[in-house]
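Enquirer: sequence and predicted structure below; questions after.
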Amino acid sequence: MCGRYRIKDPALFREYVRQVYGIELPLTGPRFNIAPSQLLPVIASDQDGKPRAAVMRWGFIPFWDKSEKPKLAPINARAEEAFTKPMFRQSIQKRRVLIPADGFYEWQKLPGGLKQPMDIHLKDGSAFFFAGIYEPATENRPDTYLLFTTKPNELMSTIHDRMPAIVTEEQGKRWLQPGPISPEEFGQATASYPADKMEARPISTLINSPKNDRPECLAGPDELF
């Protein structure tokens with residue numbers, strides 16, 4: 001799964017989004033420890049199919065649940081299963097979204113039951129997007145979203161048995177186009193990102209708590225002592 005990610009360089013991301021999509025992404029400052037249930041920036045499409053920036057809550061609530069305290073609010077969905085699941089089917093075809101990030105975190109199991117947090121990112125440090133879907137706001141809540149996970153590449157398989165679906169620039173533009181998406185296109189967009197373009201490094205256990213949202217989260221395990 002992917003339960004935490006970051007946008008440590010908002011200025012870089014804003015410029016990237018301006019160049020690629022011609023819109024302003026609502027980033028107010030660096031985020032080092034993004035967690036579920038928070039309101040976060042995403043890119044969706046308007047009624048004319050043009051990219052639009054939005055702020056949505058991480059935790060997808062299906063359209064049929066109108067309650068104030070929903071029982072289901074998944075942050076991820078397995079791409080291999082999601083296309084045919086009733087809970088996700090309508091949003092996959094009508095409400096696709098891109099989630100900006102420049103890194104994400106997973107916890108690698110160590111001997112003795114310990115877990116080492118790992119910061120995973122692209123080797124060149126560039127910004128990227130996760131593929132996701134969203135549900136529109138109701139009287140009780142804002143728009144909500146999730147991101148898709150897929151099978152791990154060679155790098156991620158040493159850390160975790162899943163990884164987020166990272167899309168290329170071309171795939172991202174297709175993902176935002178209105179109208180249906182075929183199973184083949186969906187599978188291509190949510191395939192494992194090439195391992196040779198990614199790297200991972202151990203970081204501080206400060207990242208374990210969502211309350212810690214500061215640069216020190218990215219320090220190496222021994223750098224804080």
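Expert: Thanks, I have the structure now.
Enquirer: now the helix ranked longest in the chain: buried residues?
Expert: In the chain, taking DSSP state H as the definition, the longest helix is helix 10-21. Using 16 or more other C-beta atoms under 10 Å as the burial criterion, the residues of helix 10-21 that qualify are Pro10, Phe13, Arg14, Tyr16, Val17, Tyr21. Bear in mind the C-beta positions are built from the backbone N, C-alpha and C, glycine included.
Enquirer: again, but for stretch 167-187
Expert: Neighbour-count burial for stretch 167-187, with 16+ other C-beta under 10 Å as criterion, is recorded at Val167, Gln171, Gly172, Trp175, Leu176, Ile181, Phe186.
Enquirer: before we move on, the earlier item: out of the buried residues of helix 10-21, who's nearest Thr149?
Expert: The nearest member of the buried residues of helix 10-21 to Thr149, counting by C-beta to C-beta, is Phe13 at 21.8 Å.
Enquirer: need the contact list for the residue nearest to that closest one when sequence neighbours are not counted.
Expert: Spatially, and ignoring its direct neighbours in sequence, Phe13 is nearest to Ala127 (4.8 Å; C-beta to C-beta, 6 or more residues apart in numbering). Residues in contact with Ala127 (C-beta atoms under 8 Å, 6 or more residues apart in numbering) are Ile7, Asp9, Leu12, Phe13, Tyr16, Pro100, Ala101, Asp102.
Enquirer: please apply the same query to Arg162.
Expert: Residues in contact with Arg162 (C-beta under 8 Å, 6+ apart) are Met1, Cys2, Asn76, Arg78, Thr149, Thr150, Lys151, Pro152, Met156.
Enquirer: the protein: strands as residue ranges?
Expert: 4-7, 31-34, 39-45, 51-58, 76-78, 96-101, 103-109, 115-122, 128-135, 144-150, 163-164, 166-167, 198-202 (DSSP state E).
Enquirer: need these in CSV with distance to Trp64, can you?
Expert: Below are these laid out as CSV (distance: least, C-beta to C-beta, whole Å):
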stretch, distance to Trp64
strand 4-7, 28
strand 31-34, 28
strand 39-45, 21
strand 51-58, 18
strand 76-78, 16
strand 96-101, 19
strand 103-109, 30
strand 115-122, 35
strand 128-135, 10
strand 144-150, 13
strand 163-164, 26
strand 166-167, 28
strand 198-202, 37
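Enquirer: check which helices and strands the lowest-mean-pLDDT helix or strand in the chain sits against.
Expert: Every helix and strand in the chain was compared by mean pLDDT, DSSP states H and E; the lowest is helix 10-21, with a mean of 90. For helix 10-21, the elements it packs on are helix 169-176, judged by 3 or more C-beta pairs under 8 Å, 6 or more residues apart in numbering; DSSP states H and E.
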